[in-house]
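Novice: kindly generate the corresponding structure for this input.
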Amino acid sequence: MRCSEKEFQPGAIFHIYNHAIDDYQLFYDDEDYDYFLQLFEDKLKKVPASLYAYCLMPDHYHFLIQQESDRKISNLFNYLGISYAHYYNKKHERKGPIFRSPLQHIKVDNDIYLLQLSKYIHLNPVRKELINNPEDWDYSDYRRWTDNNFTSKIPLIKPNEKLLPTKYTEFVKSWYNSFSNREFWQLILKHKLTI
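Specialist: This is a model prediction of the structure:
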């Protein structure tokens with residue numbers, strides 16, 4: 001269920017996502033993915049926020065993000081969607097909406113949901129059978145969690161601290177939940193990205 005406007009408060013964490021209209025794709029090539037990520041960086045430069053996880057898929061996207069100020073994250077993603085739609089329609093010589101519905105957002109209000117959501121986002125390309133391993137997908141930040149040498153496609157975003165979280169790798173690739181909530185929070189607080 002979409003959040004109400006009053007839920008967009010500093011410190012709140014949201015799963016923000018949207019899907020392409022009909023049978024279209026949102027991203028047809030590397031240029032599309034890169035342009036979307038560049039827009040994301042540009043739109044969020046002046047807004048304090050923490051990005052926990054993201055994944056861009058050919059026909060949809062997911063962001064797990066924490067609002068750190070009074071500026072509503074939902075508004076910024078709406079502007080991002082409008083800007084990307086202008087680029088997309090011009091490039092692909094079409095008109096009209098590119099998203100199936102208004103921006104989708106769900107407030108993440110407990111540790112278990114946050115834990116499962118990060119796993120869900122990072123495994124999305126594997127579930128869709130685009131790749132065999134989450135680290136093989138170029139348009140997700142999974143490798144930021146597992147590879148100290150990973151450089152984000154979003155230059156603005158820098159980890160607060162680098163670790164090699166083998167426990168997170170095991171968790172994502174397992175069918176069972178090998179993390180305790182406490183372990184996950186210790187890890188995520190060291191890896192959340194401050195924008």
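
Novice: going forward, measure contacts and count neighbours with C-alpha atoms only.
Specialist: Will do.

Novice: and the closest residue to residue 60 other than its chain neighbours, which helix or strand is it part of?
Specialist: Residue nearest to residue 60 in three dimensions, not counting chain neighbours: residue 19, with 4.2 Å by Cα to Cα, 6 or more residues apart in numbering. In this assignment (DSSP states H and E), residue 19 forms part of strand 13-19.

Novice: show residues contacting that strand.
Specialist: Residues outside strand 13-19 that contact it (Cα atoms under 8 Å, 6 or more residues apart in numbering): 26, 59-67, 74, 99-109.

Novice: which ChimeraX command selects the buried ones in the residues you listed?
Specialist: To isolate the buried members of the contacts of strand 13-19 in ChimeraX, using 16 or more other Cα atoms under 10 Å:
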select :26,59,60,61,62,63,64,65,66,67,74,99,103,104,105,106,107,108
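
Novice: just the ones of the contacts of strand 13-19 in helices?
Specialist: Counting by DSSP state H, the part of the contacts of strand 13-19 found in helices is residue 74.

Novice: secondary structure class for residue 36?
Specialist: helix (DSSP: H, G, I helix; E, B strand; the rest coil).

Novice: surely it meets residue 85?
Specialist: No: look at residue 36 against residue 85 with Cα atoms under 8 Å: they stay out of range, at 9.9 Å.

Novice: no further queries at this time; thank you.
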